[in-house]
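> coords below, sequence missing:
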Ligand SMILES: C[S@@+](CC[C@H](N)C(=O)[O-])C[C@H]1O[C@@H](n2cnc3c(N)ncnc32)[C@H](O)[C@@H]1O
(Lines give C-alpha, C1' and ligand atoms only; values in the text may rest on other atoms or scores of the structure.)
Protein backbone atom coordinates (compact mmCIF):
# COMPACT_ATOMS: atom_id res chain seq x y z
CA UNK A 1 0.00 0.00 0.00
CA UNK A 2 1.39 3.39 -0.89
CA UNK A 3 1.71 6.04 1.80
CA UNK A 4 -1.02 8.14 0.11
CA UNK A 5 -3.49 5.23 0.02
CA UNK A 6 -2.68 4.31 3.62
CA UNK A 7 -3.25 7.88 4.73
CA UNK A 8 -6.59 8.07 2.91
CA UNK A 9 -7.66 4.78 4.48
CA UNK A 10 -6.75 6.06 7.93
CA UNK A 11 -8.70 9.25 7.21
CA UNK A 12 -11.79 7.22 6.32
CA UNK A 13 -11.44 5.18 9.49
CA UNK A 14 -11.23 8.35 11.53
CA UNK A 15 -14.17 9.96 9.81
CA UNK A 16 -16.54 7.01 9.94
CA UNK A 17 -15.24 4.69 12.60
CA UNK A 18 -14.62 7.09 15.45
CA UNK A 19 -11.11 5.67 15.78
CA UNK A 20 -8.82 7.61 18.09
CA UNK A 21 -5.53 8.58 16.46
CA UNK A 22 -3.30 8.86 19.51
CA UNK A 23 -1.18 5.83 18.74
CA UNK A 24 -1.16 5.91 14.96
CA UNK A 25 2.07 5.71 13.01
CA UNK A 26 4.57 6.99 12.06
CA UNK A 27 6.09 7.58 15.48
CA UNK A 28 7.22 11.09 16.34
CA UNK A 29 11.00 11.54 16.55
CA UNK A 30 12.18 11.66 20.19
CA UNK A 31 13.52 15.23 20.01
CA UNK A 32 10.22 16.49 18.54
CA UNK A 33 8.24 14.54 21.14
CA UNK A 34 10.24 16.31 23.86
CA UNK A 35 9.35 19.73 22.43
CA UNK A 36 5.66 18.79 22.13
CA UNK A 37 5.60 17.58 25.73
CA UNK A 38 7.31 20.75 26.93
CA UNK A 39 4.70 22.93 25.19
CA UNK A 40 1.87 20.89 26.72
CA UNK A 41 3.38 21.06 30.22
CA UNK A 42 3.61 24.86 30.04
CA UNK A 43 0.17 25.28 28.40
CA UNK A 44 -1.77 26.31 31.52
CA UNK A 45 -4.45 28.02 29.40
CA UNK A 46 -4.92 24.83 27.35
CA UNK A 47 -4.49 26.66 24.07
CA UNK A 48 -2.88 23.83 22.12
CA UNK A 49 -4.90 21.24 20.22
CA UNK A 50 -5.01 17.73 21.66
CA UNK A 51 -2.40 15.20 20.58
CA UNK A 52 -5.10 13.30 18.69
CA UNK A 53 -6.05 16.43 16.74
CA UNK A 54 -2.37 17.14 16.08
CA UNK A 55 -1.95 13.69 14.58
CA UNK A 56 -5.11 14.21 12.53
CA UNK A 57 -3.73 17.49 11.15
CA UNK A 58 -0.52 15.74 10.13
CA UNK A 59 -2.55 13.02 8.44
CA UNK A 60 -4.65 15.56 6.52
CA UNK A 61 -1.56 17.38 5.29
CA UNK A 62 0.06 14.17 4.08
CA UNK A 63 -3.12 12.78 2.50
CA UNK A 64 -3.66 15.98 0.50
CA UNK A 65 -0.03 16.41 -0.51
CA UNK A 66 -0.19 19.93 0.93
CA UNK A 67 2.30 22.51 -0.36
CA UNK A 68 1.07 25.94 0.82
CA UNK A 69 -0.38 25.90 4.32
CA UNK A 70 -1.50 28.72 6.59
CA UNK A 71 -2.37 28.53 10.26
CA UNK A 72 -4.41 31.29 11.89
CA UNK A 73 -3.70 31.31 15.63
CA UNK A 74 -0.38 29.56 16.19
CA UNK A 75 -0.03 30.12 19.96
CA UNK A 76 3.18 28.37 21.08
CA UNK A 77 3.62 26.25 17.99
CA UNK A 78 2.12 22.91 19.05
CA UNK A 79 -0.22 22.40 16.10
CA UNK A 80 2.30 24.04 13.76
CA UNK A 81 4.80 21.33 14.69
CA UNK A 82 2.30 18.58 13.83
CA UNK A 83 1.45 20.27 10.53
CA UNK A 84 5.17 20.84 9.90
CA UNK A 85 5.90 17.13 10.36
CA UNK A 86 3.34 16.39 7.64
CA UNK A 87 4.83 19.02 5.37
CA UNK A 88 8.28 17.47 5.85
CA UNK A 89 6.82 14.53 3.90
CA UNK A 90 5.03 16.54 1.21
CA UNK A 91 7.72 19.16 0.58
CA UNK A 92 5.32 21.92 1.61
CA UNK A 93 5.59 25.06 3.77
CA UNK A 94 3.52 26.56 6.58
CA UNK A 95 3.04 30.17 7.60
CA UNK A 96 1.61 30.33 11.12
CA UNK A 97 0.27 33.67 12.34
CA UNK A 98 0.12 34.54 16.05
CA UNK A 99 -1.22 37.75 17.54
CA UNK A 100 0.48 37.59 20.94
CA UNK A 101 4.14 38.68 20.59
CA UNK A 102 5.49 36.47 23.41
CA UNK A 103 3.63 33.41 22.09
CA UNK A 104 4.95 34.12 18.61
CA UNK A 105 8.52 34.22 19.97
CA UNK A 106 7.96 31.00 21.91
CA UNK A 107 6.48 29.35 18.83
CA UNK A 108 9.53 30.30 16.81
CA UNK A 109 11.87 28.83 19.47
CA UNK A 110 9.80 25.64 19.75
CA UNK A 111 9.67 25.17 15.99
CA UNK A 112 13.43 25.66 15.81
CA UNK A 113 13.94 23.11 18.61
CA UNK A 114 11.76 20.66 16.67
CA UNK A 115 14.01 21.09 13.63
CA UNK A 116 11.24 22.58 11.50
CA UNK A 117 12.43 26.16 10.91
CA UNK A 118 13.05 25.40 7.25
CA UNK A 119 9.38 24.47 6.85
CA UNK A 120 7.42 26.63 9.28
CA UNK A 121 7.56 30.44 9.32
CA UNK A 122 6.05 32.30 12.27
CA UNK A 123 4.46 35.64 11.43
CA UNK A 124 3.70 37.75 14.53
CA UNK A 125 0.63 40.00 14.44
CA UNK A 126 -3.03 40.11 13.58
CA UNK A 127 -3.91 37.54 10.92
CA UNK A 128 -6.61 39.84 9.49
CA UNK A 129 -3.74 42.20 8.59
CA UNK A 130 -1.09 39.58 7.78
CA UNK A 131 -3.09 37.36 5.40
CA UNK A 132 -3.57 39.98 2.66
CA UNK A 133 0.23 40.45 2.65
CA UNK A 134 0.95 36.73 2.02
CA UNK A 135 1.70 35.87 -1.60
CA UNK A 136 -0.25 33.43 -3.78
CA UNK A 137 -2.96 30.98 -2.85
CA UNK A 138 -3.26 28.28 -0.18
CA UNK A 139 -4.12 24.57 -0.36
CA UNK A 140 -4.51 24.09 3.41
CA UNK A 141 -5.80 26.51 6.02
CA UNK A 142 -6.02 25.68 9.72
CA UNK A 143 -8.14 28.11 11.72
CA UNK A 144 -7.67 28.11 15.50
CA UNK A 145 -7.98 31.78 16.54
CA UNK A 146 -10.77 33.31 18.65
CA UNK A 147 -13.99 31.52 17.84
CA UNK A 148 -16.13 34.62 17.31
CA UNK A 149 -13.90 35.50 14.33
CA UNK A 150 -14.29 32.20 12.45
CA UNK A 151 -16.86 33.43 9.92
CA UNK A 152 -14.81 36.56 9.13
CA UNK A 153 -11.65 34.50 8.65
CA UNK A 154 -13.51 32.06 6.40
CA UNK A 155 -14.77 34.98 4.28
CA UNK A 156 -11.27 36.43 4.07
CA UNK A 157 -9.43 33.22 3.19
CA UNK A 158 -11.92 31.32 1.03
CA UNK A 159 -11.20 33.32 -2.17
CA UNK A 160 -7.49 32.49 -1.71
CA UNK A 161 -8.09 28.74 -1.24
CA UNK A 162 -7.24 26.56 -4.24
CA UNK A 163 -9.92 24.33 -5.72
CA UNK A 164 -9.52 21.00 -3.92
CA UNK A 165 -7.84 22.83 -1.03
CA UNK A 166 -8.97 22.21 2.53
CA UNK A 167 -10.19 24.64 5.15
CA UNK A 168 -9.87 23.10 8.62
CA UNK A 169 -11.27 24.67 11.78
CA UNK A 170 -10.76 23.67 15.41
CA UNK A 171 -13.14 23.45 18.42
CA UNK A 172 -16.24 23.11 16.26
CA UNK A 173 -17.72 20.67 18.81
CA UNK A 174 -16.64 21.87 22.26
CA UNK A 175 -17.01 25.59 21.40
CA UNK A 176 -19.84 25.30 18.88
CA UNK A 177 -21.94 27.84 20.76
CA UNK A 178 -19.35 30.55 20.00
CA UNK A 179 -19.42 30.14 16.22
CA UNK A 180 -23.03 29.68 15.13
CA UNK A 181 -22.76 31.57 11.85
CA UNK A 182 -19.64 29.66 10.79
CA UNK A 183 -21.30 26.31 11.50
CA UNK A 184 -24.25 27.35 9.34
CA UNK A 185 -21.78 28.22 6.59
CA UNK A 186 -20.26 24.73 6.84
CA UNK A 187 -23.71 23.21 6.29
CA UNK A 188 -24.98 25.51 3.57
CA UNK A 189 -22.12 27.04 1.54
CA UNK A 190 -22.44 25.73 -2.04
CA UNK A 191 -18.70 25.96 -2.68
CA UNK A 192 -17.59 23.42 -0.08
CA UNK A 193 -18.08 19.82 1.01
CA UNK A 194 -17.61 19.51 4.77
CA UNK A 195 -17.49 16.97 7.54
CA UNK A 196 -16.85 17.27 11.24
CA UNK A 197 -14.73 14.69 13.01
CA UNK A 198 -13.87 14.65 16.67
CA UNK A 199 -10.75 12.65 17.42
CA UNK A 200 -10.63 14.01 21.00
CA UNK A 201 -13.95 15.75 21.61
CA UNK A 202 -12.80 19.23 20.56
CA UNK A 203 -14.06 18.82 17.01
CA UNK A 204 -12.35 19.49 13.71
CA UNK A 205 -14.23 20.59 10.62
CA UNK A 206 -12.75 19.69 7.26
CA UNK A 207 -14.10 21.53 4.23
CA UNK A 208 -12.90 20.84 0.70
CA UNK A 209 -13.36 23.61 -1.86
CA UNK A 210 -15.33 22.47 -4.91
C1 LIG B 1 -6.37 28.23 20.71
S2 LIG B 1 -4.93 29.17 20.52
C3 LIG B 1 -4.11 28.37 19.18
C4 LIG B 1 -3.46 27.05 19.54
C5 LIG B 1 -2.55 26.49 18.49
N6 LIG B 1 -3.24 26.35 17.22
C7 LIG B 1 -2.01 25.15 18.90
O8 LIG B 1 -2.74 24.16 18.79
O9 LIG B 1 -0.89 25.10 19.39
C10 LIG B 1 -5.55 30.61 19.76
C11 LIG B 1 -4.47 31.62 19.42
O12 LIG B 1 -4.99 32.49 18.42
C13 LIG B 1 -4.39 33.73 18.60
N14 LIG B 1 -5.22 34.72 17.87
C15 LIG B 1 -6.46 35.14 18.16
N16 LIG B 1 -6.90 36.03 17.25
C17 LIG B 1 -5.88 36.18 16.36
C18 LIG B 1 -5.69 36.98 15.20
N19 LIG B 1 -6.66 37.81 14.76
N20 LIG B 1 -4.51 36.89 14.53
C21 LIG B 1 -3.53 36.05 14.98
N22 LIG B 1 -3.66 35.28 16.07
C23 LIG B 1 -4.81 35.34 16.75
C24 LIG B 1 -4.36 33.93 20.11
O25 LIG B 1 -3.42 34.89 20.50
C26 LIG B 1 -4.05 32.51 20.59
O27 LIG B 1 -2.67 32.35 20.85
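Now that the structure is in, tell me what you want to look at. In this text, all values refer to a predicted model and were calculated from it rather than measured experimentally.
> can you list contacts of stretch 99-117?
The contact list for stretch 99-117 (CB atoms under 8 Å, 6 or more residues apart in numbering) reads 31-32, 35-36, 38-39, 73-78, 80-81, 84-85, 88, 96, 98, 120, 122-127, 145. Where C-beta positions appear, they are placed from N, C-alpha and C, glycine not excepted.
> what about residue 100, distance to residue 164?
Per CB to CB, to the nearest Å, residue 100 is found 33 Å from residue 164.
> higher neighbour count, the two?
residue 100 (16 against 10; other CB atoms under 10 Å).
> look up phi and psi at that one.
Main-chain torsions, residue 100, degrees, to the nearest 10: phi -80, psi 120.
> do you know the pLDDT at it?
Predicted confidence (pLDDT) for residue 100: 98.
> for the residue positioned nearest the centre of the chain, list the residues it contacts.
The residue lying closest to the centre of the chain (CA atoms, centre = their mean) is residue 142, at 3.8 Å. If you count contacts by CB under 8 Å, 6+ apart, residue 142 has them with 57, 69-72, 79, 83, 168-170.
> following the helix or strand hosting it, which helix or strand shows up next?
For residue 142, the host element (DSSP states H and E) is strand 138-143. Following strand 138-143 in sequence order, the next helix or strand is helix 150-157 (DSSP H and E).
> who are the packing partners of that next one?
Contacts defined by 3 or more CB pairs under 8 Å, 6 or more residues apart in numbering; DSSP states H and E place helix 150-157 against strand 68-72, helix 127-130, strand 138-143, strand 161-170, helix 180-188.
> okay, the ones you listed in a markdown table with distance to the ligand and mean pLDDT next?
Below are the helices and strands packed on helix 150-157 laid out as a markdown table (distance: least, CB to the nearest ligand atom, whole Å; pLDDT from 0 to 100):
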| stretch | distance to the ligand | mean pLDDT |
| --- | --- | --- |
| strand 68-72 | 6 | 99 |
| helix 127-130 | 3 | 98 |
| strand 138-143 | 7 | 98 |
| strand 161-170 | 7 | 98 |
| helix 180-188 | 14 | 98 |
